[in-house]
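Chemist: turn this into a model:
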Amino acid sequence: MTKSIITNIKVILILIVMFTSSQVAVAGITTEKTTIKTNIYCDHCRKCESCGGKLQKELFTKGIKNIVLDEKAMTITVTYNPEKITVEKIRERISKLGYDADDVKADAEAYQKLDGCCKKSE
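Modeler: Next comes the predicted model:
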């Protein structure tokens, strides 16, 4: 091959890489974080299959990227894609698992199904 053909191929490859990179940046996924006050009453919820494990598994849905439980602060920090799910929907999902989610109260029926350690001691 001649030098000019090799140079042309290099230029074309560089242009392809630049175009592809710019398209990926344009189609980038936006994420936001929200911290929701909840009611985690036991100190093992993060590891416990019936509470933390349940929250981790059942809260995940399309648009939710990450969930971090903090049982001491009684919060759930959720990283999500706002184009696929809203904070209101996230709160609703938490409520349907039996936990308060900011001003959205826990679904009464779901709360009754929680283990005793996950409920507020009276």
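Chemist: make it CA atoms for all contacts and neighbour counts henceforth
Modeler: OK.
Chemist: so where do the strands sit in this protein?
Modeler: For the chain, the strands defined by DSSP state E cover 32-37, 64-70, 75-80.
Chemist: show me the helices in this structure, by range?
Modeler: Chain-ordered helices for the chain, with DSSP state H as the definition, fall at 3-26, 52-59, 87-96, 108-112.
Chemist: which residues touch the third one?
Modeler: Going back to what we said before, that points to helix 87-96. In this structure, residues lying in contact with helix 87-96 by Cα atoms under 8 Å, 6 or more residues apart in numbering are Thr34, Ile36, Leu55, Leu59, Asp100, Ala101, Asp102, Val104, Lys105, Ala106, Asp107, Ala110.
Chemist: about what we covered before: looking at the strands of the chain, which has the lowest confidence?
Modeler: Per-stretch mean pLDDT for the strands of the chain is lowest at strand 64-70 (a mean of 88).
Chemist: quick one: strands adjacent to that one?
Modeler: When sheet partners are counted by DSSP bridges, strand 64-70 sits next to strand 75-80 (antiparallel).
Chemist: ok and the strand it pairs with relative to strand 32-37, angle-wise?
Modeler: Here strand 75-80 points in a direction 160 degrees away from that of strand 32-37 (axes from the mean of the first three to the mean of the last three Cα atoms, to 10 degrees).
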